[in-house]
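**Q** Just the structure for this:
(chains A and B)
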Amino acid sequence: MLDAVFFYTFALMTLTGAVLTITRKSAVHSAIWLIVSLLGVAGLYLLQQAEFLFAVQIVLYIGGIMVLFLFVIMLVNLDEAAKQRQFNNQRWIALGCAVIVGAEILYVLAKGTASLSLPAPAAAPAAGGNTEQIAVSLFRDYLLPFEAASLLLLAAIVGSVIMAKRRA
Amino acid sequence: MPSSYIPIFIFLAVAILFPIVLIVVAKLVRPSAPFLTKLEAYECGIKAASNSRGRYTVRFYIIAILFVIFDVETIFLFPWAVRYKQLGWFGVSEVGVFLVFLVIGYLWAYKKGALEWI
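**A** Numbers count the residues shown, from 1 in each chain, chains lettered A, B, ... in the order given. Below is the predicted model of the structure:
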């Protein structure tokens, strides 16, 4: 019961945020609504007991990626962007796509969940939560990929500094 | 979802409700006397030099990129911190190697002057 209440709250939050993101005129407002939408998705992850994904969603998407988005928005000339047209002439193509997707969803709804061959849901971790399980597999089983990730991040640092410095 | 998260949602609800209640109550209590000067941006009492919606310098952007990279690093440290005791010295040395690479990157960016404001 409580889970259902939380699910509908987060689903509503995600959808409202998404709709407001694409309808706001100001790009900064859009970005703020996108944060609300991402927060709703984070809540849905938590409902699925994926605590690590929840943390990733909050720290990386809401904390990091949105900072990048807002910086890009503030780097471009907003006044110029606001004068340009927000919607283009592809509405008939968009309508066609929407009808196709809607038909697909209606088809699945009509056939019911029995028509889908869903895999068995993953068993709840025996000891500890999701994050502990990831810690064990990351630091025991996937030791080398984890260290390789640090090299990847090093390459990202070098690449971004060189690209940004050349222009500045 | 475990019920241990419920306090967080009470916090969330209070955080959302608090500004709404404040704004509504303020609207009910305050006198209303609008005039145009009130809408101007306040800049230490002198007239605003330029539009505050102007463009930012690209130097902010490199700091934002570096922030995101080190943010990714933090998320890798998060599961280690949760299982710190169980992983023991093996985990510490593993994370040590991981961090050495990133500190090299940080020092390189620092020497390159990427964090300086010229």
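**Q** Can you point out the buried residues in stretch A:96-116?
**A** By neighbour count with 16 or more other CB atoms under 10 Å in any protein chain shown, stretch A:96-116 contains no buried residues. All C-beta atoms are positioned from the backbone trio N, CA, C, and that covers glycine.
**Q** likewise stretch B:64-73?
**A** Neighbour-count burial for stretch B:64-73 flags B:64, B:65, B:66, B:68, B:69, B:71, B:72, B:73 (criterion: 16+ other CB under 10 Å).
**Q** try stretch A:28-40
**A** So stretch A:28-40, judged by 16+ other CB under 10 Å, has buried residues A:30, A:31, A:32, A:33, A:34, A:35, A:36, A:37, A:38, A:39, A:40.
**Q** What about those residues, which are in helices?
**A** Counting by DSSP state H, the buried residues of stretch A:28-40 place A:30, A:31, A:32, A:33, A:34, A:35, A:36, A:37, A:38, A:39, A:40 in helices.
**Q** hang on, the earlier thing: any chance of the buried residues of stretch B:64-73 in a markdown table, plus secondary structure, distance to chain A and pLDDT?
**A** Putting the buried residues of stretch B:64-73 into a markdown table (DSSP: H, G, I helix; E, B strand; the rest coil; distance: CB to the nearest CB, whole Å; pLDDT from 0 to 100) gives the following:
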| residue | secondary structure | distance to chain A | pLDDT |
| --- | --- | --- | --- |
| B:64 | helix | 4 | 85 |
| B:65 | helix | 4 | 85 |
| B:66 | helix | 7 | 86 |
| B:68 | helix | 4 | 88 |
| B:69 | helix | 5 | 88 |
| B:71 | helix | 4 | 90 |
| B:72 | helix | 6 | 88 |
| B:73 | helix | 6 | 88 |
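**Q** from the residues you listed, which single one is nearest residue A:12?
**A** Closest approach to residue A:12 among those (CB to CB): residue B:71, at 28.4 Å.
**Q** Please tell me how far that closest one sits from residue A:50.
**A** 19 Å (CB to CB, to the nearest Å).
**Q** residues touching residue B:44, list them.
**A** With contacts defined as CB atoms under 8 Å, 6 or more residues apart in numbering or on different chains, residue B:44 has no neighbours.
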